[in-house]
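> sharing a sequence plus its predicted fold:
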Amino acid sequence: MPQVKLSDVAIRALPLPPQGQVTHWDETLPGFGVRVSQGGTKTFIVIYGPTRRRYTVGRYGQVSLKQAREEARKLQAGLTLGIVEKKKSPIYTDARDQFLEHCRAKNRPKTVYEYARHLKGNFPFGRTRLADIQRHDIQRRLNKMKDTPSERHHAFVAFKCFLNWAVSEEMIEVNPVANLKLPNANKPRERFLTEDELREVFTKAQEQPWPYGSILQLLILTGQRKMEIGSLEWSWIDQEDQTITLPGHFTKNGKPHRFPYGNIAANIFETLPQTDETYVFPGHTKNAVIFNGWSKCKKRFDEGLDDVEPFTLHDLRRTFSSNLAMLGTPIHVTEKLLNHISGTISGVAAIYNRHSYMDEMREAVSAYDEYLENLINS
């Protein structure tokens with residue numbers, strides 16, 4: 001294990017590891033060191049007690065070297081167990097950020113993005129001590145997502161992974177939701193909207209204020225997943241060419257997805273307010289970078305629908321696909337629009353078939369635009 005005489009100059013000069021994390025131990029205070037991550041985060045840690053417990057003191061920059069050394073000496077001097085345990089539990093935001101930094105060294109960017117989205121948006125525990133977050137606190141947050149079972153399921157998995165990591169880092173003694181199970185949200189669905197339902201939903205979406213009304217319209221018009229539209233960045237949109245390019249680290253299958261959009265969507269993009277330099281639909285709370293009011297907005301939207309059976313936002317994607325089939329769009333073109341890679345063109349065929357099908361996709365989107373216009377005006 002590398003050792004160095006820690007000083008501010010020495011800490012700033014520590015090299016970044018090619019992967020994972022490396023701890024540099026202090027020559028002058030055994031058991032005290034700085035853990036350097038691949039992303040550049042430097043965190044003070046200390047090992048103390050007869051069981052050689054590891055404690056995270058804090059990030060360099062937020063905690064000075066002098067403060068970290070003093071804390072390490074106190075712990076190694078043998079403070080009473082009650083005081084040690086109280087100090088050992090970090091605040092939620094610090095533990096969350098350390099977990100995300102840990103994930104960046106081992107997980108795909110898309111996975112880290114989703115973990116960050118759920119931990120910041122769906123579990124805004126702020127400066128609550130991690131050990132003070134109880135099972136009922138977590139269940140209360142999960143219950144707020146009962147109308148979006150898939151979102152709730154993924155949020156639960158992300159938070160459970162975070163707490164398992166916190167246990168392994170000895171930030172908490174046990175995971176309060178270790179034995180909690182949620183209903184399976186991945187059962188197959190066949191729901192798609194009828195023409196009358198689609199007309200009512202789209203018409204009402206046009207009347208809804210930004211951002212949710214615009215998001216709903218784009219989900220109907222493009223057939224993309226809700227997070228792909230809700231997380232759109234301006235740089236992904238080519239308004240001159242009328243295409244959107246989702247980067248590979250963001251898509252479900254890990255491959256870049258470039259697809260065209262029609263004139264109705266083009267009109268929506270032209271009229272959207274640009275309140276953020278990066279995101280098309282930015283968040284409005286300090287814990288939300290992008291729009292995250294899915295459950296609340298969906299519930300409010302559904303209250304005014306008269307002749308529409310309950311539906312999920314993913315049903316709009318299925319409706320898009322079904323209507324393209326009704327319009328005669330070849331299945332492989334629909335799959336290109338939806339960014340499916342396990343359908344009609346897969347395996348060896350996918351290796352040799354590099355055709356982008358952009359012209360065919362534009363033709364399909366144009367036909368769908370015309371269908372929607374006729375439907376709404378009928």
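That came through fine.
> gap between the closest residue to S231 other than its chain neighbours and D307?
Of all residues not flanking S231 in the chain, I290 sits nearest, at 5.0 Å (C-beta to C-beta, 6 or more residues apart in numbering). Just so you know, the C-beta spots here come from the backbone N, C-alpha and C atoms, and that holds for glycine as well. Applying C-beta to C-beta, to the nearest Å, the value for I290 to D307 is 32 Å.
> which of the two has more neighbours?
Neighbour tally, I290 and D307, criterion other C-beta atoms under 10 Å: the higher count belongs to I290, 20 against 9.
> that one contacts F281, correct?
Yes - contact criterion C-beta atoms under 8 Å: I290 and F281 qualify, at 6.2 Å.
> what sits in contact with each of those two?
Jointly contacting I290 and F281 under the rule C-beta atoms under 8 Å, 6 or more residues apart in numbering are 230-231.
> can you pull out the strands in the protein?
3-4, 21-26, 32-37, 42-48, 53-59, 237-238, 243-246, 257-260 (DSSP state E).
> could you tell me the least trusted of these?
Lowest mean pLDDT within the strands of the chain: strand 53-59, a mean of 81.
> want to throw the strands of the chain into JSON lines with distance to E151?
Below are the strands of the chain laid out as JSON lines (distance: least, C-beta to C-beta, whole Å):
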{"stretch": "strand 3-4", "distance to E151": "46"}
{"stretch": "strand 21-26", "distance to E151": "31"}
{"stretch": "strand 32-37", "distance to E151": "29"}
{"stretch": "strand 42-48", "distance to E151": "31"}
{"stretch": "strand 53-59", "distance to E151": "30"}
{"stretch": "strand 237-238", "distance to E151": "24"}
{"stretch": "strand 243-246", "distance to E151": "19"}
{"stretch": "strand 257-260", "distance to E151": "21"}
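> quick one: these as TSV, columns for distance to L327 and mean neighbour count too.
Converted to TSV, these look like this (distance: least, C-beta to C-beta, whole Å; neighbours: other C-beta atoms under 10 Å):
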stretch	distance to L327	mean neighbour count
strand 3-4	67	14
strand 21-26	53	18
strand 32-37	51	22
strand 42-48	56	21
strand 53-59	55	18
strand 237-238	25	16
strand 243-246	21	19
strand 257-260	16	20
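> I'd like to know which of the ones you listed is closest to M227.
The closest of these to M227 is strand 243-246. By C-beta to C-beta, the value is 10.3 Å.
> the closest one packs against which elements?
Counting contacts by 3 or more C-beta pairs under 8 Å, 6 or more residues apart in numbering; DSSP states H and E, strand 243-246 is packed against strand 237-238, strand 257-260.
> just the helices in the stretch 201-350 of the chain please.
212-222, 226-230, 263-271, 294-302, 313-326, 331-338, 347-352 (DSSP state H, counting those that start in this stretch).
> averaged pLDDT, the shortest one. What do you get?
For helix 226-230, the mean pLDDT works out to 92.
> OK, contacts around H249?
H249 touches 108-110, 113, counting by C-beta under 8 Å, 6+ apart.
> now which of those would you call buried?
Among those, the ones that count as buried by 16 or more other C-beta atoms under 10 Å are 110, 113.
> quick one: least confident of the contacts of H249?
Out of those, that is K110, at 80.
> for it, which non-adjacent residue is spatially closest?
H249 (5.1 Å).
> report the separation between that neighbour and Q134.
Distance of H249 to Q134, computed by C-beta to C-beta: 35 Å.
> picking up where we left off before, for M145, which of the strands of the chain is the nearest?
strand 243-246 (24.0 Å).
> pull up the pairing partners for that closest one, direction included.
Sheet pairing for strand 243-246, assigned by DSSP bridges, gives strand 237-238 (antiparallel), strand 257-260 (antiparallel).
> can you list the residues that contact it?
The contact list for strand 243-246, computed with C-beta under 8 Å, 6+ apart, reads 222, 224, 228, 232, 236-238, 256-261, 339, 358.
> nearest to N175, of these?
Nearest member of these to N175, counting by C-beta to C-beta, is E228, at 31.1 Å.
> looks like the closest one contacts F250 (just checking).
Yes - with contact defined as C-beta under 8 Å, E228 reaches F250; the gap is 7.2 Å.
> relative to E190, which of the contacts of H249 is nearest.
K110 (27.5 Å).
> point out where the stretch 201-350 of the chain drops to low pLDDT.
By pLDDT under 70, the low-scoring segments of the stretch 201-350 of the chain are 285-288, 341-350.
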